[in-house]
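[1] Sequence and predicted structure below; questions after.
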Amino acid sequence: MKIGILQTGHMPDEMKDDLGSYAGMFATLLDGNGFDYVDYFVVDGVFPTSVDEADGWLITGSKHGVYEDHHWIAPLEQLIRDIRASGKPLIGVCFGHQIIAQALGGHVEKFEGGWSAGPVTYQVNGKDMVLNAWHQDQVITPPEGAEVYASTDFCANAGLVIDDQILTIQPHPEFTKFFINGLIRHRAPGVLPPQMIEDVSAAIDTPLDDQAFGQMMADFYRKQR
C-alpha cells in the first residue's frame, strides 16, 4: 500500500541533520506495516496531479495556521475534498487535523486558553493515551458528520473520524522526546510561557503511547471499506 504524505511544513533547520523530515518521522512511526511512501511538499506548492497517485493519504503538522493567507491552503483544501470523494483513506495530524476540519466545513482558531505542549493524556475511544502535543490552534467546531473520538478538558475536539474514511488527531504521535527536546531548545523560547517550558522539560521522559497510536493509524489505512 502506498501512502502519499502531504508535507505542510519543513523541519526546523537546527534539527534537520539529526531528525530528517516530517515524512521520515511518519515512516518510522508506521514501520513494519509494509507501506511504501511518496512525499509532496505542498507547503512549497508541490501537489499530486491525481488522488490516484497513492492508496492512502496523510497530512503532516506545520508551523502555519490553517486560517492564514498562503497560496497553497486553498489547493490543499480542494485536494482534501477530492480525496474524500475518492473514498481513499486520509489521516491528518495537528495542522493536518485542522485543515481537514476546515476544508470540510468546520472552524479552527487560535485557542484563547493558550498552548498545549509535551506529554498529554488524551481520552481516545474511552481509554487513556499519552501523546506529545505542540499547538495553540484548535478545531472549535467539527465538520458536520464528524465523530469526536479523542479529547481532553483543554482540547475538546482532539480527534475526529469521518465516515470511517478520515481519521484526524491534534497531538503528534510522530513526535519523540528527542523532537520535543529540540523544540524546547529552538522554538519554545519567547513562544511558550517560561513555566510551561519548565514543565515540558520536566515531563520529557514520560512514557508515550505513540507506537499504539501508530498501529491505530496503520490499521485504519488497511481496513476494508
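    Perfect, thanks for sending it. Residues are numbered from 1 along each chain as shown.
[2] List the beta-bridge partners for the residue nearest in space to the middle of the chain.
    When the chain is reduced to its mean C-alpha position, the closest residue under CA atoms, centre = their mean turns out to be residue 93, at 1.2 Å. When assigned by DSSP bridges, residue 93 has beta-bridge partners residue 169.
[3] measure it to residue 64 for me?
    Residue 93 is 14 Å from residue 64, where distance means CB to CB, to the nearest Å. C-betas here are computed from N, CA, C, even on glycine.
[4] How about residue 115, nearest residue that isn't a chain neighbour?
    Beyond its immediate neighbours in the sequence, the residue positioned closest to residue 115 (CB to CB, 6 or more residues apart in numbering) is residue 136, lying 4.8 Å away.
[5] quick revisit: what's near enough to touch the residue nearest to the centre of the chain?
    Listed by CB atoms under 8 Å, 6 or more residues apart in numbering, the contact set of residue 93 reads 26, 58, 59, 60, 61, 168, 169, 172, 173, 174.
[6] taking these one by one, which sit in helices?
    In helices, judged by DSSP state H, the following of the contacts of residue 93 are found: residue 26.
[7] Next, format the contacts of residue 93 as CSV and append pLDDT.
    Listed next are the contacts of residue 93 as CSV, based on pLDDT from 0 to 100:
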residue, pLDDT
26, 97
58, 98
59, 98
60, 98
61, 97
168, 98
169, 98
172, 98
173, 98
174, 97
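[8] Which of the contacts of residue 93 sits closest to residue 119?
    When these are compared for distance to residue 119, the smallest value, 10.8 Å, is given by residue 172; criterion: CB to CB.
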